[in-house]
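>>> heads up, no residue letters with this:
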């Protein structure tokens, strides 16, 4: 189980820009926001990523870099980028499911055609959102077993103002006896 304040697992994926995304290469002023999404087949993901793309400049003003990553192929990632009209958001692809599992993401098996008529991959990861400090330690974790009810990015932008102002610590770090 991942614990806030511990180091995040290694993460390297290709991106549509041609430059690989490597967590160890990120140099955010305050945080890296890593958004794992299900893939092109998911209509909830497209709306969610559209919102993250829209808010990425606001996050950048607060010292936060962003990336959205799935286990999709490059072609499916390109289709998702086009579908959401990505301008600001880096899109990573080819996430190995063994790495997804190290990040605590749930893995689902295909049920065939999704509600929008796109075939699901045989296996894919469910969503997760992580905020990571520049030293790659985990600050915030949200992992879902379903495509629904995800963290609100507008609320996250507002929360970051409080976090930055008060130097609010990562919570959920206690692993002793209860």
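Arrived safely, thanks for sending. Quick caveat, the model's predicted, so the values are computed rather than measured. Numbering: from 1, shown residues only.

>>> now for the helix or strand harbouring residue 158, which elements pack on it?
Counting by DSSP states H and E, the element that carries residue 158 is helix 153-166. In terms of contacts (3 or more Cβ pairs under 8 Å, 6 or more residues apart in numbering; DSSP states H and E), helix 153-166 is packed against helix 43-61. For every residue, glycine as well, the C-beta is placed using N, CA and C.

>>> distance between the helix it packs on and the chain's centre?
11 Å (Cα atoms, centre = their mean, to the nearest Å).

>>> let me know the average pLDDT across the helix or strand following that helix.
Later in the chain than helix 43-61, the nearest helix or strand by DSSP H and E is strand 64-69. Averaging pLDDT along strand 64-69 gives 98.

>>> just list what strand 64-69 packs against, helices and strands only.
So strand 64-69, by 3+ Cβ pairs under 8 Å, 6+ apart, packs with strand 31-36, helix 43-61, strand 90-93.

>>> still on that earlier bit, now the helix holding residue 158: buried residues?
153, 156, 160, 163 (16 or more other Cβ atoms under 10 Å).

>>> so which of those residues is the closest to residue 69?
residue 153 (15.6 Å; Cβ to Cβ).

>>> pretty sure the closest one sits against residue 49.
No. In this structure, residue 153 is not within contact of residue 49 by Cβ atoms under 8 Å, at 9.8 Å.

>>> count of neighbours near the residue lying closest to residue 42 once chain neighbours are set aside?
Leaving out its chain neighbours, the residue that sits closest to residue 42 by Cβ to Cβ, 6 or more residues apart in numbering is residue 147, at 5.5 Å. Number of residues near residue 147 (other Cβ atoms under 10 Å) recorded here: 18.

>>> residue 147 reaches residue 45, doesn't it?
Yes. Contact criterion Cβ under 8 Å: residue 147 and residue 45 qualify, at 7.0 Å.

>>> got any residues that touch both of those two?
Residues touching both residue 147 and residue 45 by Cβ atoms under 8 Å, 6 or more residues apart in numbering: 38, 127.
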